[in-house]
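Colleague: coordinates only, sequence not included:
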């Protein structure tokens, strides 16, 4: 891999271990609005994706009956009520420290709302590892590509010396759009098969990353 100066980190499912919690929130939302279907972790990892609105369609929500903005707000209310119980992903802190020791600049690039992102990273003692925390201005989880492009344009960082690490095919799309390298992590919101279909480098543990970049 070409030398990397800057690492873009996804948050949910990559640095924050919230997959099982998110699945519980989804099944709770389905129950709240009277839908009979429930999803296993395996099934969830095959349907989750971005934009979130399209993922909700795949789940089976009827937007004529329950408008997407209403569902999105209900989900976030449910998610935020207990997300403080979600821990960082195993080896997240040690991996961030190892990359800092290697002189890598680190930035969170997330489709989460930015104020939620800052609060969650701060609560887990991880905020100080990042020079920037880039998040969306709303809860609708459309895409983080423009955030990354704007950051690169303002910072002057060479995209070819950047790496995007995440847990979904959207992170691979982001990397392509930015002109960055990509590594995907299997411990998050999508299955290994889906990740391997879009990215050549797939890891099972975050602490494999420093050896790839050292």
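Modeller: Alright, I've got the coordinates. Worth saying up front: this structure is predicted, and the values here are computed from it rather than measured.
Colleague: What residue spans form the domains of the protein?
Modeller: The record, using automatic domain parsing to delimit domains, assigns the chain the ranges 6-18+87-213, 19-84.
Colleague: Could you say which of the ones you listed is packed most deeply?
Modeller: Among the domains of the chain, judged by mean count of other CB atoms under 10 Å, the one packed with the most neighbours on average is domain 6-18+87-213 (a mean of 19). Using the backbone N, CA and C atoms, a C-beta is placed for each residue, glycine as well.
Colleague: thinking again about what came up before, let me have the domains of the chain in TSV, adding mean pLDDT as columns.
Modeller: Converted to TSV, the domains of the chain look like this (pLDDT from 0 to 100):
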stretch	mean pLDDT
domain 6-18+87-213	94
domain 19-84	97
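Colleague: Residues in contact with the helix or strand where residue 25 lies: which ones?
Modeller: Residue 25 belongs to helix 19-32 when elements are defined using DSSP states H and E. Residues from elsewhere that reach helix 19-32 (CB atoms under 8 Å, 6 or more residues apart in numbering): 12-13, 36-39, 41, 44-45, 59-60, 71, 74-75, 78-79, 82-83, 85-86, 187-189.
Colleague: Next: stretch 92-100.
Modeller: Among residues not part of stretch 92-100, those counted as contacts by CB under 8 Å, 6+ apart are 7, 15, 106, 125, 126, 129, 206, 207, 209, 210, 213.
Colleague: Figure out how far that stretch is from the centre of its chain.
Modeller: Averaging C-alpha coordinates over stretch 92-100 and over its chain gives two centres that are 17 Å apart (CA atoms, centre = their mean, to the nearest Å).
Colleague: Which is the succeeding secondary structure element to the helix or strand containing residue 174?
Modeller: Here residue 174 sits within helix 169-178, counting by DSSP H and E. The helix or strand immediately downstream of helix 169-178 is strand 181-185, counting by DSSP H and E.
Colleague: My read is that residue 159 contacts residue 176, right?
Modeller: No - in this structure, residue 159 sits apart from residue 176 without contact. The criterion is CB atoms under 8 Å, and the distance is 10.4 Å.
Colleague: What helices and strands are in contact with the strand ranked longest in the chain?
Modeller: As assigned by DSSP state E, the longest strand anywhere in the chain is strand 105-113. Contact partners of strand 105-113 among helices and strands, from 3 or more CB pairs under 8 Å, 6 or more residues apart in numbering; DSSP states H and E: strand 6-9, helix 92-101, helix 114-123, strand 132-136, helix 145-155.
Colleague: 6 Å - rerun?
Modeller: Based on contacts counted as 3 or more CB pairs under 6 Å, 6 or more residues apart in numbering; DSSP states H and E, the elements that strand 105-113 packs against are strand 6-9, strand 132-136.
Colleague: Could you export the ones you listed to TSV, including columns for distance to residue 169?
Modeller: Listed next are the helices and strands packed on strand 105-113 as TSV, based on distance: least, CB to CB, whole Å:
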stretch	distance to residue 169
strand 6-9	16
strand 132-136	18
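Colleague: mind checking which of those is nearest residue 164?
Modeller: Counting by CB to CB, residue 164 lies closest to strand 6-9 out of those; the figure is 4.5 Å.
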